[in-house]
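Peer 1: any chance you can model this:
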Amino acid sequence: MLKFLSAILFLLSASRAQSQQLSQITFANASTLSWFTFSTDQGILIRVSEDGKVLEWGTELMSERSTNYYAPKLQPYMGRISYYGTEADSINRGKVKSIGTAVFSYYGAYELEEKRGRLKSIGMVNLEYYTRFENPAFKGKLRVVGSTLLDYYSMFENDAYKGKLRLVGNTPISYYSTFDDKGKIKSIGQESYDWSFLRNRSQFGVAQKPNLYRQNINGVMYILR
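Peer 2: The predicted model follows:
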């Protein structure tokens with residue numbers, strides 16, 4: 001009986017650990033990182049900037065005219081939301097504490113400047129940031145999300161993509177450095193993007209496939225807008 005109860009507790013713990021996860025990464029103009037999105041066990045999406053600020057939360061609304069197009073702005077979550085009060089560190093008062101079953105924590109005022117007041121965890125997913133000791137050029141940017149390592153292009157790289165997101169776990173991201181498509185995403189993992197080809201198709205009135213801009217790659221949905 002004791003072994004059975006232990007197994008149940010282990011499974012519940014594992015379930016909670018998976019209840020919040022990195023689910024989407026969105027780029028503006030198919031070039032600039034907009035935000036990371038985490039999903040909860042209640043289907044709530046939480047958008048977080050690369051420097052650890054909670055930007056927006058809610059649910060996606062799919063277009064009735066397209067099977068793979070969603071409204072850019074999330075639909076408001078109408079459930080329970082709480083905020084940190086006077087019991088919290090002064091720099092974190094007023095910040096969101098929980099959205100539904102997802103609980104948030106933040107780095108306190110005693111932390112390094114690069115972490116201070118930034119999002120520390122969503123549920124059991126911990127967030128870490130680059131510090132001046134690890135990489136001064138990227139200090140304050142997300143470095144680890146749960147067990148996923150994030151890396152960025154060096155400041156010595158081509159101007160078209162230096163400082164941009166380079167690696168998400170085992171998924172590499174490359175960018176064009178040519179004049180016409182400067183800075184636009186060239187590939188994510190095994191998926192490649194030919195923007196000149198797409199422009200030519202548009203000139204001849206050929207509709208684009210919406211799923212090209214929204215692809216699940218290695219378990220994360222990459223959204224190009």
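Peer 1: most centrally placed residue in this protein?
Peer 2: Nearest residue to the geometric centre of the chain (Cα atoms, centre = their mean): residue 36, 1.4 Å.
Peer 1: not counting sequence-adjacent ones, nearest residue to it?
Peer 2: Closest residue in space to residue 36, ignoring its immediate chain neighbours: residue 48 at 5.1 Å, by Cβ to Cβ, 6 or more residues apart in numbering. Using the backbone N, CA and C atoms, a C-beta is placed for each residue, glycine as well.
Peer 1: which residues touch that neighbour?
Peer 2: 35-38, 54-55, 119, 122, 127, 142 (Cβ atoms under 8 Å, 6 or more residues apart in numbering).
Peer 1: related to what we said a few turns ago, host element of the residue nearest to the centre of the chain?
Peer 2: Counting by DSSP states H and E, the element that carries residue 36 is strand 32-39.
Peer 1: the bottom helix or strand of the protein by mean pLDDT?
Peer 2: helix 2-17 (a mean of 40; mean pLDDT, DSSP states H and E).
Peer 1: so what's residue 39 closest to, chain neighbours aside?
Peer 2: residue 23 (4.0 Å).
Peer 1: count the residues that sit near the one you found.
Peer 2: 16 (other Cβ atoms under 10 Å).
Peer 1: I'd like the contacts of residue 48 as JSON lines, with pLDDT appended.
Peer 2: Shown next, in JSON lines, are those (pLDDT from 0 to 100):
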{"residue": "35", "pLDDT": "98"}
{"residue": "36", "pLDDT": "98"}
{"residue": "37", "pLDDT": "97"}
{"residue": "38", "pLDDT": "97"}
{"residue": "54", "pLDDT": "97"}
{"residue": "55", "pLDDT": "97"}
{"residue": "119", "pLDDT": "98"}
{"residue": "122", "pLDDT": "96"}
{"residue": "127", "pLDDT": "98"}
{"residue": "142", "pLDDT": "97"}
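Peer 1: just the buried ones among these, please.
Peer 2: Neighbour counting over the contacts of residue 48 (16 or more other Cβ atoms under 10 Å) leaves 35-38, 54, 119, 122, 127, 142 as the buried ones.
Peer 1: returning to that earlier point: between the contacts of residue 48, which sits nearest residue 187?
Peer 2: residue 36 (19.4 Å; Cβ to Cβ).
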